[in-house]
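Visitor: Need coordinates for the following:
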Amino acid sequence: MHVWGGNKALLEEYGVDYKKIQSEGWTWDEFYELASIGEQENNNGEPQYGFVFQGVDEELLDHLARNNGIPYRMTEEGIKWDDEKILEAMEFIVKLRDDGIMPAETAAIDATKRQEMFYNYQALFFGRAIPYSEPMVEARNEEIRNGETEGEELEFVILPIPHNEGAEEVAQGGSEGYLLFTQRNATDEHVANSVKVLEHLAGSDAIGMTSSALALPIVHAQAANDYELPLSEDNEVAAQRLAGNVLPPNTINSELAAKDDMFKTQVVVPTFQGLISGEMTPEEALDKFKTEAESGQFKP
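Guide: The predicted structure follows:
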């Protein structure tokens, strides 16, 4: 499950009511207002931003598009990233960059650099994160206390992805399962034993241990009673609420799914790189999406 995150010490320093955000969500305008901390520096004299996100892929645009009424990039009708809603998402991203809320060099920031900036108190809010980020941060805190790692301890706060005014808040994520394929000459005994393996893998203990280890909301009723998540009370409440907002899987067939993946790889990623680096305007990026969406290779 994808989430955004915050540095608890900085959130409290700037008076951000993160518990309200966790329980109620927030709009793009509310996020912008809170992230507009102005030009700041951390204690080491390094620049501190309102928001840091990796820019080497399309995830930021995907998060905001989903929270502006475009739940799926591809449907049975074709590519949906061809209207004003995706334009609004791109305009918002450019505004964050141009107003200094995001680093000007976001196009070159990868996941490792983003995480480093968060650890160095250079980000009030950051994405993308996962619920497991909390135990990751706590493990780093332990290393700092033991003298194994240099740095300043911090606390991670789970936050939802903001939604545009009037749009429904949705979370990005899903759950995994198992499929059993049988050969034509499989005996009943062999199939029965295979089912036992699946029942073990998808049983209470297996799901409980896995979900607990990954700090993900537990979907098995019995496992939820037997296992605890390594999350603070506030973060567990936030994670459980977000789990209830996860979109159902896209129901497109495998052929359309392949076209969607190709559209992402060949069109979205390079176009977003041009947008976030300042080489393309949101309008030019939208035109690129429209042109490619109308081409034969991406039509249903």
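Visitor: who touches the helix or strand of the chain with the lowest mean pLDDT?
Guide: Every helix and strand of the chain was ranked by mean pLDDT, DSSP states H and E. The lowest is strand 40-41, at a mean of 88. Strand 40-41 is contacted from outside by 47-49, using Cβ atoms under 8 Å, 6 or more residues apart in numbering. The C-beta positions use only the backbone N, C-alpha and C, and glycine is treated the same way.
Visitor: And those, which of them are buried?
Guide: Applying a neighbour-count criterion of 16 or more other Cβ atoms under 10 Å, the buried members of those are 48-49.
Visitor: would you list the contacts of strand 40-41 in JSON lines and tack on secondary structure?
Guide: Listed next are the contacts of strand 40-41 as JSON lines, based on DSSP: H, G, I helix; E, B strand; the rest coil:
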{"residue": "P47", "secondary structure": "strand"}
{"residue": "Q48", "secondary structure": "strand"}
{"residue": "Y49", "secondary structure": "strand"}
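Visitor: For the contacts of strand 40-41, could you give me JSON lines that also reports pLDDT?
Guide: Below are the contacts of strand 40-41 laid out as JSON lines (pLDDT from 0 to 100):
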{"residue": "P47", "pLDDT": "94"}
{"residue": "Q48", "pLDDT": "95"}
{"residue": "Y49", "pLDDT": "96"}
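Visitor: I'd like the contacts of strand 40-41 as a markdown table, with distance to M1 appended.
Guide: Conversion of the contacts of strand 40-41 to a markdown table gives the following (distance: Cβ to Cβ, whole Å):
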| residue | distance to M1 |
| --- | --- |
| P47 | 30 |
| Q48 | 27 |
| Y49 | 24 |
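Visitor: about what we covered before: what lines up beside the least confident helix or strand of the chain in the sheet?
Guide: Taking DSSP bridges as the criterion, strand 40-41 forms sheet pairs with strand 47-53 (antiparallel).
Visitor: Now for V191: which residues touch it?
Guide: With contact taken as Cβ under 8 Å, 6+ apart, V191 is in contact with 180, 182.
Visitor: secondary structure class for it?
Guide: Reduced to three states by three-state DSSP, V191 is helix.
Visitor: What ranges does the chain have for its strands?
Guide: Counting by DSSP state E, the chain has strands at residues 3-7, 40-41, 47-53, 74-75, 78-79, 123-129, 156-159.
Visitor: so G69 makes contact with V170?
Guide: No: using Cβ atoms under 8 Å, G69 makes no contact with V170, being 9.6 Å away.
Visitor: pull the CA atoms of stretch 184-195 into PDB?
Guide: As requested, the backbone C-alpha atoms of stretch 184-195 are provided in PDB (Å, rounded to 0.1, in the frame of the first residue of the first chain):
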ATOM      1  CA  ARG A 184      -4.300 -33.000 -16.900                       C
ATOM      2  CA  ASN A 185      -2.800 -36.100 -15.400                       C
ATOM      3  CA  ALA A 186      -2.700 -34.800 -11.800                       C
ATOM      4  CA  THR A 187      -4.200 -37.300  -9.400                       C
ATOM      5  CA  ASP A 188      -6.900 -36.300  -6.900                       C
ATOM      6  CA  GLU A 189      -4.400 -37.000  -4.100                       C
ATOM      7  CA  HIS A 190      -1.800 -34.600  -5.600                       C
ATOM      8  CA  VAL A 191      -4.400 -31.900  -6.000                       C
ATOM      9  CA  ALA A 192      -5.600 -32.300  -2.500                       C
ATOM     10  CA  ASN A 193      -2.100 -32.000  -1.100                       C
ATOM     11  CA  SER A 194      -1.500 -28.900  -3.300                       C
ATOM     12  CA  VAL A 195      -4.700 -27.400  -1.800                       C
END
